[in-house]
Structures are given as structure tokens and as C-alpha cells.
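return atomic coordinates for the entry below.
(one chain, ligands or ions: 1)
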Amino acid sequence: MAGEGRLLASPATRRISQKRHRLAYSSARHELSSFKFIQCEVDMKRRLFETTWLIFFAISAARTLLCQTPSQWKAHDMNRPRPPVVKPADQKLPVSPPSDAVVLFDGRDLSQWRSQDGGPAKWVAANGYMESVKGSGYVVSRGTFGDVQLHVEWAAPVPVVGKSQGRGNSGVFLMGQYEIQVLDSYENDTYADGQAASVYGQYPPLANVCRPPGEWQSYDIVFRRPRFDRTGGLLKPARITILHNGILVQDNVELWGPTNWLQHSPYQAHPDKLPISLQDHGNPVRFRNIWLRELPEWNDPGPANVKSQLVLVLQSQELDRYVGTYQRQTSNKEIYTIKRDGQKLRANFWGPAEIELVPNSEHEFSLRWTAGRLVFDLAADGRPTGFTFHLGGEEYPVKRIE
Ligand code: MG
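You can find the predicted model right below:
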């Protein structure tokens with residue numbers, strides 16, 4: 001029997017057997033280790049493959065998303081809902097320019113305009129309006145402008161000819177590259193982002209308020225030009241607000257870049273001021289009474305040479321001296337109260353709001369958020385007997401009553 005054989009084996013025979021067993025065991029371990037190593041390598045390759053695909057998929061998805069317009073509609077999509085039709089109220093036109101306006105066209109001549117090639121404007125000016133001449137090209141303002149409030153009056157041609165984009169098409173190009181569409185959109189269907197008062201190819205108007213062909217209608221446009229840094233990078237996109245026939249149709253929208261047909265064009269740095277142009281799209285659209293106001297910078301830089309005001313830190317007992325009830329010494333005899341809230345004094349003027357008073361000296365406190373001051377009258381013992389309230393160039397005497 002085999003068992004008996006193993007029991008009867010000599011020590012030498014047993015050592016050989018044990019050595020063979022160890023070798024066999026070692027070989028098996030080596031094979032197992034190799035298998036694990038190979039398995040691990042396979043796992044790593046699989047993970048690398050999966051990760052690569054994941055990255056590739058993410059990049060593809062991002063590219064797809066980046067190809068979408070911010071509105072998620074592709075430009076000129078006829079499936080995009082049309083804005084509601086609103087009949088505008090009667091308007092008194094023309095609207096006279098205010099005293100600070102730059103008048104670009106008062107109905108008499110085209111002296112403020114030129115053609116694209118730099119020569120005289122080739123449109124016709126007569127009877128108080130200018131009219132686009134087919135094939136003559138755009139007319140371009142001789143002046144250059146950035147941020148503006150722009151008033152334009154226009155009328156679509158009569159008799160009605162054409163349809164969709166071929167009917168009464170022109171455009172107001174701010175800085176020569178941001179088009180506010182001019183189109184006869186009165187009972188004339190076209191894509192939403194190309195009808196009258198659209199930011200062409202980007203934003204449909206909030207409402208279709210077009211008057212019938214031949215009737216004068218108005219655009220009042222507020223335009224903020226884009227801002228670029230010194231390297232040409234975009235700091236702020238352009239923004240547009242439009243009233244069409246007195247109705248809000250663009251509400252401070254942020255442009256994606258210059259407007260275009262078929263192609264999306266990203267911003268490219270350009271000068272702060274550029275001409276305004278009117279489009280020749282082959283239709284005899286009329287314009288009159290064009291004026292603008294140049295707008296000041298968006299951001300108020302704040303007062304020049306600001307002097308920081310001294311702010312005292314007063315202890316509770318010092319603050320408590322001002323706590324009390326006061327009465328205004330004018331006809332309305334209003335009651336004010338000053339109380340301490342921790343390490344702050346608060347006063348209620350004209351209502352429940354408790355306004356923080358900032359101590360600037362023993363006599364004087366300022367309002368935390370408003371350019372108002374309280375100048376206290378102090379008795380010999382330092383107790384306030386009242387104060388004068390300074391606000392908006394006025395002074396109000398106030399006496400302490402408790
Ligand atoms: Mg146009």
C-alpha cells in the first residue's frame with residue numbers, strides 16, 4: 001500500500017520527498033504569483049482603457065455642449081416659439097432729441113453719414129427721411145460711439161413686397177457689428193431670432209409689437225459695449241435693452257459676440273468707439289429722427305481722494321450717555337430714540353429700522369450706510385442735550401426729552 005510505503009521510507013527518502021514537495025509548492029506559488037501579476041496587469045490595462053474612453057466621452061460631450069448656443073436653440077430655428085403679438089399704443093412721433101443728444105439724422109441731409117467705402121452716403125434723403133437704396137451698401141455714421149442711448153424711427157416699405165427675411169429688412173448695427181434687426185414683422189412670419197427688434201440670431205424680442213408697413217415706429221436702445229482687457233481678453237460682454245414702440249422687447253440681454261448670419265462669431269477686441277451703421281438688405285426701408293446720448297461709464301469709481309473717517313471705540317458707559325429719547329424741533333415734532341445694542345448705538349428715524357451710529361468723535365456720529373451725521377450738543381457734564389441731524393444738505397435740530 002502507498003501509506004505503508006511512506007511509513008516505511010528511509011529518512012533520506014523522506015528528505016528527497018519533502019524537497020520535491022517544497023519545490024512543487026514553490027513552483028505553484030510562483031505560478032499563482034505570476035497569475036496574480038498578469039491579472040493585475042490586465043485590470044490596469046482595462047482601467048486605463050475605461051478611463052481613456054471616459055475622458056474621450058467627456059471631451060466629446062463638452063465639445064457638443066460648447067457648440068450649443070447659450071439659449072440651447074440653434075440660430076434661426078423655425079421651431080423656436082414666436083413671441084406674442086402685442087398691439088402698441090398710439091405714440092407721439094417723432095420724439096425730439098434732448099439737449100445733450102448727438103443728432104445723426106434730422107431729416108434734412110446725410111452729412112453725418114458716409115458709405116462703407118468712405119465716400120458720400122448713397123441712400124436717398126428727402127421729405128424728412130432717408131431711404132435704403134438697393135445695392136448701395138450700408139450707411140455708416142461719421143462719428144464713433146460706444147455706450148449709447150439711441151433713438152431711431154423707421155418705417156417698413158409700402159407696397160408690401162416679399163416675405164420672411166425678404167420683407168422690409170434692414171438693421172441698426174451698433175459699433176458696426178451688433179445688429180438690432182429691422183424687419184417688417186407685421187403679419188410676416190420668420191424665425192424668432194430674426195424678427196423686428198431681435199438681437200439678430202441671438203435674442204428674439206419679448207413681444208412682436210410691429211406696426212403695419214408704412215407707419216413710423218420707434219426703437220429706443222440702451223447699449224453697453226463689451227469691455228476687453230489689455231491683452232484683448234473679454235472682460236464684459238455687450239448688453240442691450242430695447243423699447244420697440246414704447247414696449248420693452250430686450251431686457252438687458254448679454255450678447256454672445258458680434259451678430260452674424262449662419263456663423264457664430266466670438267468676440268474680438270475692438271476700439272471703445274466705432275461707427276453705427278444701417279443695413280442695406282435690398283428693401284427700401286425708411287429712417288428718420290436718429291439721435292443718441294453717449295452714456296457715462298457703468299461703474300462709478302467712487303469719490304476721488306477719499307479720506308478715511310476716524311472711528312472711535314467707545315465703552316458701554318460712554319455709549320450709554322447718548323441713549324435716550326429725542327424730539328425733532330420742526331413742525332412735525334417726530335420722536336427719535338437712541339439705544340445701545342452691545343457695543344453699538346442704534347437710532348430709529350422715521351420708522352422701525354434701527355440705524356447704526358458710528359462714533360467719529362465725542363460730538364459727532366455718522367450713519368453706517370448713509371451720508372448723514374449727528375452732531376451732538378454736550379452739557380458741561382458731557383451729557384447730550386440734543387443734536388443737529390445733517391442729511392442731504394439739510395439740517396434738523398433735535399432736542400433730548402428723556
Ligand atoms: Mg437685417
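
got the residues of the stretch 251-400 of the chain near the ion?
Q279 (C-beta under 5 Å from the ion). The way it works is simple: take the backbone N, C-alpha and C, and place the C-beta from them, glycine included.

helices of the stretch 251-400 of the chain, start to end?
Ranges of helices within the stretch 251-400 of the chain are 316-320, based on DSSP state H, counting those that start in this stretch.

any stretches of it with poor pLDDT?
Along the stretch 251-400 of the chain, segments meeting pLDDT under 70 span 305-306.

which parts of it are strands?
Under the criterion DSSP state E, counting those that start in this stretch, strands of the stretch 251-400 of the chain are mapped to 277-278, 286-294, 324-328, 335-341, 344-348, 354-359, 364-367, 372-378, 384-391, 394-400.

which of these is buried the deepest?
Of all the strands of the stretch 251-400 of the chain, strand 277-278 carries the top mean neighbour count, a mean of 24, counting by mean count of other C-beta atoms under 10 Å.

which helices and strands sit right next to that one?
strand 139-141, strand 170-174 (3 or more C-beta pairs under 8 Å, 6 or more residues apart in numbering; DSSP states H and E).

which one of those lies nearest to the ion?
Of all these, it is strand 170-174 that lies closest to the ion, at 3.3 Å by C-beta to the ion.

could you dump the next helix or strand after that closest one to CSV, C-alpha only?
Scanning forward in sequence from strand 170-174 by DSSP states H and E, the next helix or strand is strand 178-182. Below are the C-alpha coordinates for strand 178-182, written out as CSV (Å, rounded to 0.1, in the frame of the first residue of the first chain):
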residue,chain,number,x,y,z
TYR,A,178,-24.1,94.1,-33.2
GLU,A,179,-27.3,94.1,-35.2
ILE,A,180,-30.7,95.1,-34.0
GLN,A,181,-32.9,93.7,-36.7
VAL,A,182,-35.2,96.0,-38.6
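
tell me the angle whatever helix or strand comes next after strand 178-182 makes with strand 286-294.
Next helix or strand after strand 178-182 toward the C-terminus (DSSP H and E): strand 217-224. Orientation check (axes from the mean of the first three to the mean of the last three C-alpha atoms, to 10 degrees): strand 217-224 against strand 286-294 gives 30 degrees.

give me the residue at the spatial middle of this protein.
E254 (5.1 Å; C-alpha atoms, centre = their mean).

so what's the residue nearest to D184 when sequence neighbours are not counted up against?
Counting by C-beta to C-beta, 6 or more residues apart in numbering, D184 lies nearest to G168, which is 2.8 Å off, once chain neighbours are set aside. Going by C-beta atoms under 8 Å, 6 or more residues apart in numbering, G168 touches 156-157, 160, 162, 182-184, 188, 213, 283, 285.

sticking with G168, tell me its helix or strand.
Per DSSP H and E: nothing holds G168, as it lies in no helix or strand.

what does the model give it for pLDDT?
G168 carries a pLDDT value of 98.

ramachandran angles for S164?
Main-chain torsions, S164, degrees, to the nearest 10: phi 50, psi -130.

ok, the residue of the stretch 301-402 of the chain found nearest the ion - contacts?
The stretch 301-402 of the chain approaches the ion most closely through P301 (37.6 Å), counting by C-beta to the ion. For P301, the contact set (C-beta under 8 Å, 6+ apart) is empty.

the ion contacts on the stretch 51-200 of the chain?
Residues of the stretch 51-200 of the chain lying near the ion by C-beta under 5 Å from the ion: 169, 171.

what about 6 Å?
Contacts of the stretch 51-200 of the chain with the ion, taken as C-beta under 6 Å from the ion, map to 169-171, 179, 181-182.

which of those residues are buried?
If you count burial by 16 or more other C-beta atoms under 10 Å, the buried members of those come out as 169-171, 179, 181-182.

and those residues, which two are furthest apart?
Largest separation among these by C-beta to C-beta: N169 and E179, giving 10.7 Å.

returning to what we had before: distance of the residue nearest to the centre of the chain from G171?
Distance, E254 to G171, by C-beta to C-beta, to the nearest Å: 20 Å.
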